[in-house]
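1. Structure, please.
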Amino acid sequence: MNPAIISMRGLRKSYGVGTPVETEVLHGIDLELAEGEFCALIGPSGSGKSTLLNLIGLLEPATSGELVVAGQSTTGMNEQALTVLRGRHIGFVFQFHHLLPAFTALENVMMPSIIEQGVATAEAEAIALDLLLRVGLRGHEYKKANQMSGGQQQRVAIARALSRSPRLILADEPTGNLDTHTADDIFALLREFNRERGSACLIVTHDPRLAARCDRRIELVDGRLASPASPAMPQPA
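-> Reported below is the predicted structural model:
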């Protein structure tokens, strides 16, 4: 068994803490995700899937419990340390892309490197060009994001997420706004990089077809794990 890239014990998340409307949305989550795993996070709307993904991605703090990312406990980390840890190990793919519309596909893919290093390096450009080729966007490198289709923008978002060779890819409904054919292509791209680079993937999806093609399904219901995370039935990738 590969070592855990993510480990959580008793993870809880509440909103409105200390107020009359305090609401706990995650109720003591115990979960591990191993290096190289490809998992689906499923469950009904409002079950806490996106909240859990935000906690794992260090975008929000847990109210209590312990979260260990890449062997480092995040308890007590300040925002700067969390930002460094996130940038080194985690790549994000969101449903709505979050690309910079006035920038080109190439510039968007390079953005994590530019933010970290303060400059667009030749190495970062070479990596970005290779990734855009790999995701099927050769010839679109200098097209602005707002001139691209939804499927093309999602491919740029995947290339951006992979640009720093993350050990963990978090994807929140990455195919939710795409047609079936494009959704299958996006899923195949994530699976390809998971297999070739060993990046662990955790994908929030409502699509049972895609969930069935993952190595493991993790189900949340009302902020709790519904059952021990189960392996998916073998499916062709």
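2. what secondary structure does residue 17 sit in?
-> Classification of residue 17 by DSSP: H, G, I helix; E, B strand; the rest coil places it in coil.
3. all helices of this protein, in order?
-> With DSSP state H as the criterion, the chain has helices at 49-56, 79-89, 105-117, 122-134, 150-162, 180-197, 208-212.
4. Now do the longest one and helix 122-134, the angle between them.
-> Looking back up the chat, that one is helix 180-197. Angle of helix 180-197 versus helix 122-134, following axes from the mean of the first three to the mean of the last three CA atoms, to 10 degrees, is 130 degrees.
5. Ok, the fifth one next?
-> Computed by the same axes, to 10 degrees, the angle separating helix 150-162 from helix 122-134 equals 140 degrees.
6. rewinding a little: burial-wise, tell me which of the helices of the chain comes out on top.
-> helix 150-162 (a mean of 24; mean count of other CB atoms under 10 Å). Just so you know, the C-beta spots here come from the backbone N, C-alpha and C atoms, and that holds for glycine as well.
7. could I get that helix in CSV with only the CA atoms?
-> Only the C-alpha atoms of helix 150-162 are listed here, as CSV (Å, rounded to 0.1, in the frame of the first residue of the first chain):
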residue,chain,number,x,y,z
GLY,A,150,-16.2,25.3,-22.3
GLY,A,151,-14.4,22.0,-23.1
GLN,A,152,-11.3,23.8,-24.2
GLN,A,153,-11.3,26.0,-21.1
GLN,A,154,-11.6,22.9,-18.9
ARG,A,155,-8.6,21.4,-20.7
VAL,A,156,-6.6,24.6,-20.0
ALA,A,157,-7.7,24.3,-16.3
ILE,A,158,-6.4,20.7,-16.2
ALA,A,159,-3.1,21.7,-17.7
ARG,A,160,-2.8,24.5,-15.2
ALA,A,161,-3.5,22.1,-12.3
LEU,A,162,-0.7,19.8,-13.6
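8. What average pLDDT does that helix get?
-> The predicted model gives helix 150-162 an average pLDDT of 87.
9. again with stretch 81-91
-> Stretch 81-91 comes out with an average pLDDT of 89.
10. contacting residues around that stretch?
-> Residues from elsewhere that reach stretch 81-91, judged by CB atoms under 8 Å, 6 or more residues apart in numbering: 5, 57-59, 69-70, 72, 74, 77, 112, 115-116, 160-164, 166-170, 199.
11. which residue is nearest the centroid of the chain?
-> For the chain, residue 170 is the residue whose C-alpha lies nearest the centre (CA atoms, centre = their mean; 1.2 Å).
12. how close does it get to residue 223?
-> According to CB to CB, to the nearest Å, residue 170 and residue 223 sit 18 Å apart.
13. So the residue nearest to the centre of the chain sits against residue 92, correct?
-> Yes: between residue 170 and residue 92 there is a contact at 5.4 Å, judged by CB atoms under 8 Å.
14. Can you work out which residues contact both of those two?
-> Taking CB under 8 Å, 6+ apart as the criterion, residue 170 and residue 92 both touch residue 57.
15. quick one on the thing from earlier: so which of the contacts of stretch 81-91 belong to strands?
-> Within the contacts of stretch 81-91, residues falling in strands by DSSP state E are 5, 69, 72, 168-170.
16. Please identify which of those residues is nearest to residue 209.
-> Nearest to residue 209, judged by CB to CB, of the ones in strands among the contacts of stretch 81-91 is residue 169 at 19.6 Å.
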